[in-house]
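A.B. asks: Quick one, what's the 3D model for this:
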Amino acid sequence: MKTRLTAVAVGVMTALSAGLTTTPAHADETTYYVAVGDSLSVGAQPGKGPTDEGYTDNLYAALKAKNPGLKLVKLGCGGETTSTMLNGGICTYSEGSQMKAAEAFLSQHKAQVRYVTLDVGANDTACFLDGDIACGLKGIGTIITNLPQIATRLKKAGGDAPTYAAMTYYDPGLATWVTGGQAIAIASVPLVDVFNTWEQTVYRVGGFKVADVNATFATHDFATKVTLPTYGEIPLNVARICTWTYQCAKNDGHATPEGYRQIADTFLLAVS
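C.D. replies: Residues are numbered from 1 along each chain as shown. You can find the predicted model right below:
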């Protein structure tokens with residue numbers, strides 16, 4: 001009996017050892033970073049559609065350095081609002097909408113997705129930049145309805161394994177400072193604060209880390225002064241909008257390559 005038990009024990013240990021040695025974790029195993037959102041998520045710039053120098057590309061490069069098998073999946077759509085993300089209508093997805101495309105990919109690759117990033121909502125309230133306060137407030141109402149659904153559905157589809165992160169937005173309205181609209185620039189900040197406060201609340205409740213891009217752009221800092229060749233001495237927050245986006249030069253709020261790098265660095269801090 002003793003001999004038989006010993007043989008069984010040896011057999012069990014051999015099987016366990018075989019199992020441990022035949023299923024190692026490989027550093028180059030395929031994993032995914034899924035980027036969901038609007039034009040910022042695809043690196044759009046004036047006169048260009050998606051580029052390979054957006055914040056998701058920069059963030060991906062940094063994450064891939066530590067995860068060689070990581071692959072970037074860009075699902076974003078220029079012009080996307082929270083409503084079109086849920087229901088479709090701008091970009092074409094076989095599943096019908098960006099939300100459904102993201103859910104499908106996350107569900108099918110649940111064990112392989114490492115990171116999910118999100119930016120959405122700016123296009124719901126873009127009319128703030130045109131001075132249409134009523135329209136902007138209506139957009140915030142739409143975000144209040146839609147954003148919790150977006151965050152909840154992404155998390156449900158992806159499960160608990162991925163790191164989820166979303167961003168606050170900078171304030172393109174600050175650019176009016178350099179065209180004499182200083183009062184408008186100042187008034188734009190509390191409007192962006194309302195927008196960002198709600199978004200941060202939804203993200204944190206939904207289990208997302210928050211990349212505070214608004215803070216990186218120093219949106220509240222009118223006190224610190226810097227000098228730019230084109231505009232002279234201006235507040236730091238205005239200078240960052242003018243150098244990190246195209247809003248001052250081309251009336252286009254998309255980030256410059258440097259602006260996208262700054263956004264990526266902010267996301268990297270959030271997910272690290």
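A.B. asks: element containing residue 200, please.
C.D. replies: If you go by DSSP states H and E, residue 200 is part of helix 182-205.
A.B. asks: Check which residues of that helix are buried.
C.D. replies: Buried residues in helix 182-205, counting neighbours by 16 or more other Cβ atoms under 10 Å, are found at 182, 184-185, 188-189, 191-192, 195-196, 198-200, 202-203. Glycine gets a C-beta too; all of them are placed from N, C-alpha and C.
A.B. asks: nearest to residue 148, of the residues you listed?
C.D. replies: Nearest to residue 148, judged by Cβ to Cβ, of those is residue 202 at 5.3 Å.
A.B. asks: quick one: the closest one and residue 151 touch, right?
C.D. replies: Yes. With contact defined as Cβ atoms under 8 Å, residue 202 counts as touching residue 151 (5.6 Å).
A.B. asks: At the geometric centre of the protein, which residue sits there?
C.D. replies: Residue closest to the average C-alpha location in the chain (Cα atoms, centre = their mean): residue 118, at 3.5 Å.
A.B. asks: Tell me the spatial nearest neighbour of it, not counting adjacent residues.
C.D. replies: residue 166 (4.2 Å; Cβ to Cβ, 6 or more residues apart in numbering).
A.B. asks: Among the buried residues of helix 182-205, find me the one that's closest to residue 134.
C.D. replies: Nearest to residue 134 among the buried residues of helix 182-205 is residue 191, at 12.2 Å by Cβ to Cβ.
A.B. asks: any weak-confidence spans in the chain?
C.D. replies: Where the chain drops to pLDDT under 70, the residues are 1-28, 128-133.
A.B. asks: Let's see that with 90 instead.
C.D. replies: The chain contains residues with pLDDT under 90 at 1-28, 48-49, 125-141, 191, 194.
A.B. asks: Which residue ranges of it form strands?
C.D. replies: Taking DSSP state E as the test, the strands found in the chain are 31-37, 70-74, 113-119, 163-167, 209-211, 225-228, 232-235, 245-246, 252-255.
A.B. asks: The shortest one - which strands sit beside it in the sheet, and in what orientation?
C.D. replies: For strand 245-246, the paired strands and their directions (DSSP bridges) are strand 252-255 (antiparallel).
A.B. asks: now the fourth one
C.D. replies: Each strand that strand 163-167 pairs with, and the sense of that pairing, follows from DSSP bridges: strand 113-119 (parallel), strand 209-211 (parallel).
A.B. asks: Most tightly packed of the ones you listed?
C.D. replies: strand 113-119 (a mean of 24; mean count of other Cβ atoms under 10 Å).
A.B. asks: Please export the C-alpha coordinates of that strand as PDB.
C.D. replies: The C-alpha trace of strand 113-119 is given here as PDB (Å, rounded to 0.1, in the frame of the first residue of the first chain):
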ATOM      1  CA  VAL A 113      -7.500  43.400 -23.100                       C
ATOM      2  CA  ARG A 114      -5.100  45.300 -20.800                       C
ATOM      3  CA  TYR A 115      -6.200  48.900 -21.300                       C
ATOM      4  CA  VAL A 116      -9.300  50.800 -22.400                       C
ATOM      5  CA  THR A 117      -9.300  54.600 -22.900                       C
ATOM      6  CA  LEU A 118     -12.200  56.900 -23.600                       C
ATOM      7  CA  ASP A 119     -12.800  60.500 -24.500                       C
END
